Structure formats: structure tokens, C-alpha cells
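1. fold the following, please.
(one chain, ligands or ions: 2)
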Amino acid sequence: MPDHVSQPRLLLRRLHSVMAGSGKPQDRLDRVVRVIAQNMVAEVCSIYLTRAGGVLELFATEGLKEEAVHLTRLSVGEGLVGLVAERGLPLNLSEAPQHPRFSYRPETGEDIYHSFLGVPILRTGRVVGVLVVQNVTPRRYKPEEVEALQTISMVIAELVASGELVDKQELTEDSGSTGEPITLDGLALAGGVGAGVAVFHQPQIQISRTVAEDIEAESQRLEDAIAEMRVQLEELVEHPNLAHGGEHREVLETYRMFAYDRGWQEKMREAVLSGLTAEAAVDRVKTENRMRMAKIRDPYLRERISDFDDLAIRLIRIIQGDKNSHRAELTEDSVLIARSLGPAELMDYDSRYLKAIALEEGSTTSHVTIVARAMGIPMLGRVPALLSHIEAGEHVIVDAASEHVYIRPAEDVLDSYKATLKLQEQLHAEYAAERELPAETKDGEKVTLLMNAGLLVDLPSLDNTGAEGIGLFRTEFQFMVAPALPKVDEQTKIYSAAMDAAGDKPVVFRTLDIGGDKQVPFLPRDEEENPAMGWRAIRIALDRPALLRYQLRALLYSAAGKTLHVMFPMIAEVAELRRCKAILNKEIARLAKYEKEPPKAVKVGCMLEVPSLAWQIDLLVKEVDFLSIGTNDLMQFFFACDRSSPRLANRYDLLAPPVLSFLRSIFKACHDAGVPVTLCGEMGGKPIEAMALVALGLRRLSISPTSIGPVKRMIRSINLKVLEDFVHSNLTSAEHSIRDSLVHFARDHDIKV
Ligand code: PEP
Ligand code: MG
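-> Ligands and ions are numbered 1, 2, ... in the order given. Down below sits the predicted model:
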């Protein structure tokens with residue numbers, strides 16, 4: 001084994017025992033610099049740590065004047081130490097005083113030292129300090145010395161991370177080379193502005209043990225993990241889903257190629273031989289790669305950083321036995337950061353502290369988006385490489401209006417954000433003041449605005465917004481957060497609470513719409529190739545009639561003496577609806593048998609969200625008391641375009657002529673039959689879309705509570721006659737969308753969209 005490899009190993013063990021030993025943290029740090037200086041045959045060894053505001057403070061030194069400790073402070077970028085912190089890379093100089101960035105601090109007495117080697121002390125990708133060795137004689141340090149010092153710096157990072165030297169709070173504040181403010185673009189999924197500290201949905205990996213007890217064993221752990229990672233990737237690439245190629249496959253092929261990258265593996269192996277644990281070795285190489293590649297301008301190469309990052313994280317998780325997947329607890333104003341997020345996962349968070357969400361993926365009609373809107377949490381999706389730009393605990397602002405995520409925002413951005421928040425509050429106050437005003441066009445056409453709900457926390461919004469009722473109560477949300485199937489009496493309680501809160505206003509309960517992206521813990525989950533078109537909603541209910549029967553029973557109990565509105569989701573044909581009605585009728589009959597008070601009336605409706613049903617509309621309207629159009633699903637099937645695919649999020653526009661013509665024909669059939677028709681998809685909550693829908697004859701919208709104010713304002717500013725002519729004349733357009741024309745029309749006619 002080469003000398004330079006075995007030597008740092010001994011040094012690491014000594015350092016580790018010094019750090020784990022007794023005495024005050026400062027004393028231990030003083031001993032650490034002495035040990036390093038001795039072992040590296042250096043006249044000077046100093047440790048600078050990053051403090052709040054990006055200041056590097058001399059914390060310990062062997063060789064420089066003692067009085068400089070805690071006195072010498074440099075900003076990031078200032079002097080050679082500041083340069084190391086700024087770039088996050090080692091700096092190796094034989095003639096330091098001649099370097100243009102050399103800045104002499106008389107209190108240190110360092111002018112006599114010619115050679116300088118500084119390495120950043122990194123913790124999960126951020127610079128938390130700088131470790132320096134210096135010698136009087138001019139010399140360039142050997143590559144193995146640089147390596148050794150970098151490894152040592154990892155061990156020091158462990159001591160720093162403990163928070164004994166610098167308060168943990170300070171450590172997570174803005175500092176170092178990764179601490180520059182940056183702004184990333186995304187796609188607004190739920191409106192508003194929110195700010196807080198970054199919390200990772202999948203917590204970042206934590207490495208608690210860096211120094212190896214047994215190098216052989218660590219080498220074996222690393223080799224085993226690499227082998228396991230390769231097996232996992234082979235399985236992924238060979239998965240039948242990918243058999244026909246496509247982009248997924250290409251991405252995975254690239255991954256597989258990286259998994260065999262010799263240079264990468266050699267570096268990790270060397271890091272283990274130098275005395276690190278397997279996970280610390282992977283992390284060390286990961287950080288190094290990231291720091292090096294972050295300087296590269298080529299976008300393709302930069303993309304590769306995240307590939308290597310992903311692989312390294314995968315590898316660390318394999319090494320650690322994948323035990324880092326617990327949910328983060330929120331304790332202060334937080335912004336949730338994730339690649340993707342499920343609706344149930346979102347609901348698990350404490351909404352009091354959840355101020356915003358930023359995702360690398362996500363689309364406008366995915367269920368997590370709907371939940372975020374319902375909870376009134378601003379959310380931005382499709383933020384490229386979000387995870388690699390941010391560290392846990394950093395400040396983040398999510399602004400859905402400008403579609404920006406501000407990471408470590410600068411002072412002026414913070415100020416203007418505060419102003420925006422104020423404006424947001426002002427706007428909310430204005431909407432609240434308008435809540436009693438009718439949603440009526442200038443020429444006297446009334447539109448009924450209802451709200452969508454699903455959680456009990458949504459209910460106060462009925463009064464706050466002036467909504468005329470709940471047009472869609474998504475009952476599945478309660479099931480998604482329950483560990484076991486809620487019993488009839490538990491369900492009854494929830495439905496009663498919703499009806500009580502609504503008072504005289506109607507509540508339309510939709511029966512369970514689970515499956516697809518709404519998974520419940522108590523039902524086995526089949527791996528389906530196409531879950532959105534798979535075993536979900538009414539299909540599950542009809543195959544497991546007990547589930548539907550108990551739910552209908554709970555709904556009937558909660559509506560004793562009142563009017564019950566119930567509707568069935570994902571109905572594809574009238575025959576299916578009839579089967580549902582038969583089950584409902586049995587449950588109504590059962591009430592009499594058990595002498596339970598029946599509802600005053602039972603109104604039955606269904607969702608129109610599968611296109612086939614539109615071709616039975618004439619039959620359908622005879623079977624229902626009301627109809628609700630679920631454009632979120634309807635449109636994904638209409639365009640054959642997965643609603644939760646981030647890649648397709650902007651592919652088709654709902655203001656396309658075929659969509660509008662199709663919807664108009666449904667509105668007309670319902671009006672002709674005298675059946676009330678509501679649109680309850682996300683489309684209706686956007687003022688411009690709602691404007692088109694009203695022009696096509698729709699008079700009932702069920703939307704998220706936060707949309708009621710803006711949509712009502714739009715309705716109150718239109719002159720329907722003029723708008724109708726305009727929209728109808730655009731229906732024959734061959735354009736991809738008539739959005740631009742509508743926006744211009746709104747601007748020219750002073751419509752508030
Ligand atoms: C819809 O599909 O438009 C709808 C309202 O139902 P969900 O979004 O819950 O699937
Ligand atoms: Mg739906």
C-alpha cells in the first residue's frame with residue numbers, strides 16, 4: 001500500500017480520538033491543529049470557520065500568532081482563505097504572498113510563510129470553513145498531501161456539524177461559495193407567495209460516522225454496495241416497461257454507464273483506504289465532483305452532476321440500509337422541497353408551518369396540486385435541478401405569480417417579497433369584502449360559485465369566500481390519511497361535520513375516488529402500467545361493494561332529515577351508474593328496515609370525466625338529478641395526455657377549440673334537459689378559462705376556495721352578450737389555443753382576469 005495512503009489513515013484515527021476525547025471543544029480544536037501540523041510537517045495549521053453573514057473566523061492555529069484567534073475575520077472571497085471558501089476548491093501555492101488575492105493581516109504574522117495549502121471544509125455540499133497549512137520554504141504540496149488534507153477536513157466537518165463550535169443555526173445560514181442568492185424558474189401549480197426555511201421531503205443523507213474502525217470491512221461495504229447498485233440499475237434498465245426504448249431508457253442507460261465509471265469507483269476506493277467509512281468516502285467524492293463540475297459552463301456536463309449525485313445518494317442509502325426515509329417534522333415557517341410529492345404525503349405535514357412547496361416535477365392537475373390549492377399553499381413545480389441548488393435550512397421564497405423560487409434571497413428581494421405578501425393580504429381582504437356580492441355579469445346573468453373541499457379544515461372557507469355551497473367534496477382525502485379503513489360511524493362524523501358547517505348550503509359528496517395517484521394504505525396496490533386508466537374510483541367500488549355500501553350508509557345517516565347530494569366518480573357508461581344507484585337504493589331501503597331517519601331528499605348525480613359517457617348524454621340526463629364535469633380527468637383522456645406527467649404539463653391547452661366545442665355540447669344537452677351541470681375541475685378556477693366557460697353557457701362552477709374571489713371579480717366585469725359572440729366565433733379556429741385572443745379580448749374590454 002502506498003505511503004501516502006496509510007499515513008492519513010493513522011492521522012485520521014488520532015484526530016478522531018482527539019475530537020471524541022474530553023475537554024472543551026475549543027481545546028480539542030487546538031489539539032487538532034497541533035496534530036495536523038505535526039503530521040503534515042507544516043509550520044502552520046489553521047482552521048477558519050464560517051459564521052453568520054459569510055464571515056470566516058480564525059478558530060484555531062498552530063504557528064500563527066495566538067492573539068489572532070477569534071480576531072482575524074475575512075469575508076468569503078477576501079484573501080486566500082476567502083478565495084478557497086468562495087470557490088469551494090483547494091488552493092495550492094508555493095509563493096502565497098505573490099498571489100493577487102493575498103491579503104496580509106499583521107495580527108497573524110503570516111508574511112514569513114511562502115507556501116500555502118488551503119482546502120474547504122464541506123458539509124453536505126456547503127463550505128463551513130477552511131483548513132490551511134503553511135510552510136516557510138516555498139514548495140508546492142504534493143497531490144497526495146492535498147488529498148490527505150481534504151480527507152482531514154471531512155473529519156473536522158463532523159466536529160463543526162455537531163454545533164459545539166459554531167451554533168447550528170449559524171451553520172445553516174447564508175455562507176460560502178454555495179451561499180450565493182439564486183433564482184430558479186418553475187411552473188405555478190398553486191397560487192400565492194410563501195416563504196420559510198427549506199425542508200427536504202426526502203431528508204438529505206446524514207453521515208454520522210466518517211472515520212473507519214476497520215478499513216477492510218469498509219472496503220467490503222463499499223464493494224457490496226456498488227454491486228447492489230449495479231443490480232438495481234440492471235433491473236431497472238431491463239424492466240419490461242422500458243423494452244421499447246424511449247427517453248426513460250436512455251436516462252437509465254446513462255446511469256448504468258456511470259455506475260461502471262472506473263474513475264469514480266477508484267476515487268471512492270482510495271477515499272476508503274485513506275481511512276473513511278464507506279458512506280463518508282462516497283459523500284466525499286460526491287462533494288468533490290459537485291464542486292468541480294459546478295464551475296463548468298457546459299449545460300450537458302452540468303446535468304451530469306445531478307446524475308452522479310443521484311447515484312451517490314443511491315449508493316449511500318444502500319450502504320446505510322436505506323434507513324433515512326422518515327418524514328421531516330416542521331417546527332417553523334417552512335418551504336417543502338422535493339423531486340415529487342404524493343397528495344397523502346403532503347397532507348401528512350403540519351399545514352400551520354407549511355408556507356410553500358417547490359418541486360422538480362409536478363403538473364397542474366395532479367392530485368398533489370389540487371390538495372395544495374385546497375390547503376391554500378403556494379406551489380411551484382417543474383423547477384429544474386432544484387434539489388442540487390439548495391441545502392436544508394436555507395431561506396426560500398416561492399412566488400407562484402412570477403413563477404420564481406428565490407433561494408437565499410438577497411435583501412432587496414426579501415423586501416419586495418414582504419411588499420408582495422402585504423399586497424396578497426390586501427387582495428384577500430378585498431375578496432373577503434366582496435364575498436356577499438353576487439357573481440353576476442354586468443348584463444345580469446347569474447353564475448353559481450361553489451367550492452371544492454375534502455378536508456374539514458376547508459370548511460370555514462365556505463363563509464370566508466361566500467361560496468354558495470360545496471360542489472365537490474372529495475371524500476377520499478379522509479381515507480388517504482387514515483391508517484385503516486374508516487368505520488361507518490367515523491365516516492358519519494366527518495360527513496355530518498361537513499353538512500353542519502354548510503348549514504343551508506348544499507354539499508355534494510363524491511363517493512370514494514381512490515386508485516390512480518390517490519393510494520390508500522389499506523387497499524393492496526397493484527402495479528399497473530396505466531394507473532389513471534386502471535382499477536380506480538367506481539371500478540374499485542363496484543368490485544368491492546361493501547366499501548361503497550358502508551360509505552353510502554354513512555352519508556345517509558349524516559343526512560337524516562336533510563337533503564343528501566351524492567355523486568359517483570369515473571362513470572364510463574350509463575349501465576355503470578345504474579349499478580351504483582341500485583346499491584344506493586338498497587341502502588335507502590335498509591334505513592326503513594332499521595327505523596333510521598331517512599334524508600328529506602336524496603339527489604343523485606355523477607361525474608362526467610370519462611369521454612365515453614358524453615356519447616350517452618341524452619340517456620344520462622334522464623338518470624341523474626345533476627351532473628358534474630371533472631375536466632382534470634376528462635381532459636387527460638380527451639387528449640390522451642397523462643395529467644400527472646411533468647413533461648406533458650403544458651402540451652395541450654384547455655382553451656383549445658375542440659375542448660370548448662366538446663364542453664359546449666355537454667352544457668347544451670344538460671340545459672335542454674333541465675339538468676343542472678357544474679364544472680368542478682381545476683380549469684374552472686382560472687379566470688380566463690372560467691370566462692370562456694361562462695360564454696359557452698356554463699352557469700355553475702365548483703372551484704378551490706382561493707379561486708372564488710378572482711373568478712367572481714372576473715364575472716362581475718363581463719358583458720356576456722359581447723363575450724359570447726366573440727368566443728363562439730373562435731370555436732372554428734384551427735389554432736392550438738384561443739388563449740391569446742381571449743387575453744386580448746379581456747384586456748380590451750376591461751375584464752378582470
Ligand atoms: C376531475 O377529474 O376533474 C375531478 C374533479 O376529480 P379529481 O381531480 O379528484 O380526479
Ligand atoms: Mg377525477
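2. what about the residue of the chain most remote from its centre, distance to residue 143?
-> Residue farthest from the centre of the chain, counting by Cα atoms, centre = their mean, is residue 137 at 52.9 Å. Using Cβ to Cβ, to the nearest Å, residue 137 is found at 19 Å from residue 143. The C-beta positions use only the backbone N, C-alpha and C, and glycine is treated the same way.
3. near residue 422, how many other residues are there?
-> Residues lying near residue 422 (other Cβ atoms under 10 Å) number 10.
4. sorry, wrong one. I was asking about residue 152.
-> 26.
5. which strand or helix spans it?
-> Using DSSP states H and E, residue 152 sits within helix 143-161.
6. thinking again about what came up before, phi, psi for the residue farthest from the centre of the chain please.
-> phi -70, psi 140 (degrees, to the nearest 10).
7. the single nearest residue of the stretch 651-753 of the chain relative to ligand 1: how many residues sit nearby?
-> Closest contact between the stretch 651-753 of the chain and ligand 1, by Cβ to the nearest ligand atom, is at residue 681 (3.4 Å). For residue 681, the neighbour count with other Cβ under 10 Å is 26.
8. quick check: closest non-adjacent residue to it.
-> Ranked by Cβ to Cβ, 6 or more residues apart in numbering and with sequence neighbours excluded, the top spatial neighbour of residue 681 is residue 631, at 3.0 Å.
9. now swap in residue 739 and tell me
-> Spatial nearest neighbour of residue 739, excluding adjacent residues (Cβ to Cβ, 6+ apart): residue 655 at 4.5 Å.
10. looking at this, the one you found is in a strand?
-> No. Counting by DSSP: H, G, I helix; E, B strand; the rest coil, residue 655 is not found in a strand; it is coil.
11. give the contact list for it.
-> Listed by Cβ atoms under 8 Å, 6 or more residues apart in numbering, the contact partners of residue 655 are 688, 689, 692, 737, 738, 739, 742.
12. just the residues you listed now: which is nearest residue 592?
-> Distance to residue 592, by Cβ to Cβ, is smallest for residue 689 among these, at 44.9 Å.
13. break down the stretch 551-700 of the chain into its strands, ranges please.
-> Assigned by DSSP state E, counting those that start in this stretch, the strands in the stretch 551-700 of the chain fall at 563-568, 601-608, 626-629, 677-679, 700-703.
14. er, the stretch 401-550 of the chain actually
-> Counting by DSSP E, counting those that start in this stretch, the strands of the stretch 401-550 of the chain are 404-407, 448-453, 470-474, 507-510.
15. read off the pLDDT value for residue 745.
-> pLDDT, residue 745: 97.
16. for the one 5 residues further on, same thing?
-> Residue 750 carries a pLDDT score of 96 in this model.
17. over to the one 3 residues further on?
-> At residue 753, the pLDDT value in this model is 92.
18. same thing with residue 581?
-> We have a pLDDT of 98 for residue 581.
19. that one reaches residue 624, doesn't it?
-> No. In this structure residue 581 lies outside contact range of residue 624 using Cβ atoms under 8 Å: 9.1 Å.
20. these two: who's more crowded?
-> Taking other Cβ under 10 Å, residue 581 and residue 624 do not tie; residue 624 has more neighbours (24 against 16).
21. who are the neighbours in contact with the more buried one?
-> Neighbour list for residue 624: 577, 604, 605, 606, 675 [criterion: Cβ under 8 Å, 6+ apart].
22. if I read this right, the first one contacts residue 623, doesn't it?
-> Translated: residue 577. Yes. Judged on Cβ under 8 Å, residue 577 makes contact with residue 623 at a distance of 5.8 Å.
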